[in-house]
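Peer 1: what's the 3D shape of this:
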Amino acid sequence: MSADKERVLIAGAGPVGLVAACALAEAGIPVTIVEQSRELPKDLRASTFHPPTLDMLERFGVSEPLVAQGLICPQWQFRDRSEGVVATFDLGVLAEDTNHPYRLQCEQWKLTELLRDWIEKRDTAEIIYEAEAVGATQDETGAT
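Peer 2: The predicted model follows:
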């Protein structure tokens with residue numbers, strides 16, 4: 001990691017922070033992520049990835065390994081507790097519009113681990129664990 005004075009600082013190594021860091025690093029913009037935990041959390045949060053998200057993640061090479069770890073759901077159902085299935089949508093109709101005409105059931109932490117691995121191979125990005133962003137200021141010349 002270079003000692004660039006001007007870097008983008010991202011608070012939190014969750015999916016949003018990691019994707020933002022990957023996009024910045026891919027563009028050659030130095031970025032540091034500070035994560036308050038000792039390692040990436042493996043708690044249960046979101047578990048469904050939709051076609052546009054999987055398409056977006058392809059640029060980092062993480063969609064295919066993520067799909068390999070999850071369950072493909074070719075249909076999307078809306079249910080009512082008393083009525084049962086109210087509507088079923090066949091995502092296969094999106095096959096000409098996306099590389100992923102399905103929803104993917106896969107734990108969010110599996111994505112964060114794949115993105116972390118991508119970041120670790122880059123000179124323009126780093127993750128600092130057991131560190132916390134405690135404040136930010138902005139003036140006419142930038143943010144600190």
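Peer 1: only C-alpha atoms for contact and neighbour calcs from this point on.
Peer 2: Noted.
Peer 1: May I have the predicted confidence score for residue 28?
Peer 2: pLDDT for residue 28: 95.
Peer 1: so it makes contact with residue 122?
Peer 2: No. The pair residue 28 / residue 122 is not scored as a contact, 9.6 Å apart, by Cα atoms under 8 Å.
Peer 1: From residue 54, how far off is residue 32?
Peer 2: Per Cα to Cα, to the nearest Å, residue 32 is found 24 Å from residue 54.
Peer 1: neighbour-wise, which of those two wins?
Peer 2: Taking other Cα atoms under 10 Å, residue 32 and residue 54 do not tie; residue 54 has more neighbours (22 against 18).
Peer 1: The chain: helices as residue ranges?
Peer 2: 15-26, 51-57, 63-69, 108-120 (DSSP state H).
Peer 1: chain center to the first one, what's the gap?
Peer 2: Read that as helix 15-26. Distance, stretch centre to chain centre, for helix 15-26: 8 Å (Cα atoms, centre = their mean, to the nearest Å).
Peer 1: now swap in the second one and tell me
Peer 2: Distance, stretch centre to chain centre, for helix 51-57: 10 Å (Cα atoms, centre = their mean).
Peer 1: For this structure, give me the ranges with low pLDDT.
Peer 2: Where the chain drops to pLDDT under 70, the residues are 1-5, 44.
Peer 1: Now do the domain split for it, please.
Peer 2: Taking the TED database as the domain assignment, the ranges for the chain are 1-42+108-143, 48-106.
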